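Engineer: Need the 3D shape of this:
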Amino acid sequence: MSNNNNNTLTFSIPSFTSEDPHKILLHQATNADEDQGLSETNTGFVMWPSAVMLSHHISKNPSIVLGDDDSPDGDVMELGAGCGLVGLTAATLLQNHTDDDNDDKVIFTDYNPVVLENLQKNIDLNDFDVDHKVLGLDWFDQEEHQEQQQQQQQSDDGSDTTGEENTTTW
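Structural biologist: Residues are numbered from 1 along each chain as shown. So this is what the prediction gives:
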């Protein structure tokens, strides 16, 4: 890890396809969400050692993300993404995988809107072509989650109780 100017960090993760490591750029937000003021809402502004360790682990064991003969690949969801290092590592592995028929997605989630903005900035910094989505996720708002599931189910099975077309876009 190296520190560039403007609070941008560069992480080098081992490459399984070449000797040169992959570079992941991360902007680390400098100010916490002062409006909310609670440490519980400011955790996304910290680069947690566990994110660094997990990113290193999946880069050394790419089958976790890419699948292998015994386990298929699939979509990746990072819960509480914060700066997004783990999801960006997964996206980097997916992008550099030789399988041209890869339609896997990386889904980044967090709660704090300011953290989500910084997360999108980090995705833009890395300019990858992997299908991705950034979502706000509130663990305590289960009613909204249930409504989204019902809408998704109606969209998936073609039923339409409102007379309007339901669509899900990635």
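Engineer: Show me which positions of stretch 68-85 end up buried.
Structural biologist: In terms of neighbour count (16 or more other C-beta atoms under 10 Å), stretch 68-85 has its buried residues at Asp73, Val76, Met77, Glu78, Gly80, Ala81, Gly82, Cys83, Gly84, Leu85. For the C-beta atoms, the positions are set from N, CA and C on the backbone; glycine is no exception.
Engineer: Measure how buried Asp131 is and give me the count.
Structural biologist: 15 (other C-beta atoms under 10 Å).
Engineer: tell me the contacts of it?
Structural biologist: Contact analysis of Asp131 by C-beta atoms under 8 Å, 6 or more residues apart in numbering lists Asp103, Asp104, Lys105, Val106, Trp170.
Engineer: Give me the next element, helix or strand, following the helix or strand hosting Val106.
Structural biologist: Applying DSSP states H and E as the criterion places Val106 in strand 105-110. As assigned by DSSP H and E, the chain's next helix or strand after strand 105-110 is helix 113-126.
Engineer: Mind giving me the packing neighbours of that following helix?
Structural biologist: strand 22-27, helix 85-96, strand 105-110, strand 131-136 (3 or more C-beta pairs under 8 Å, 6 or more residues apart in numbering; DSSP states H and E).
Engineer: Swap in 6 Å and give it another go.
Structural biologist: strand 22-27, strand 131-136 (3 or more C-beta pairs under 6 Å, 6 or more residues apart in numbering; DSSP states H and E).
Engineer: Run the angle between that helix and strand 131-136 for me.
Structural biologist: 160 degrees (axes from the mean of the first three to the mean of the last three C-alpha atoms, to 10 degrees).
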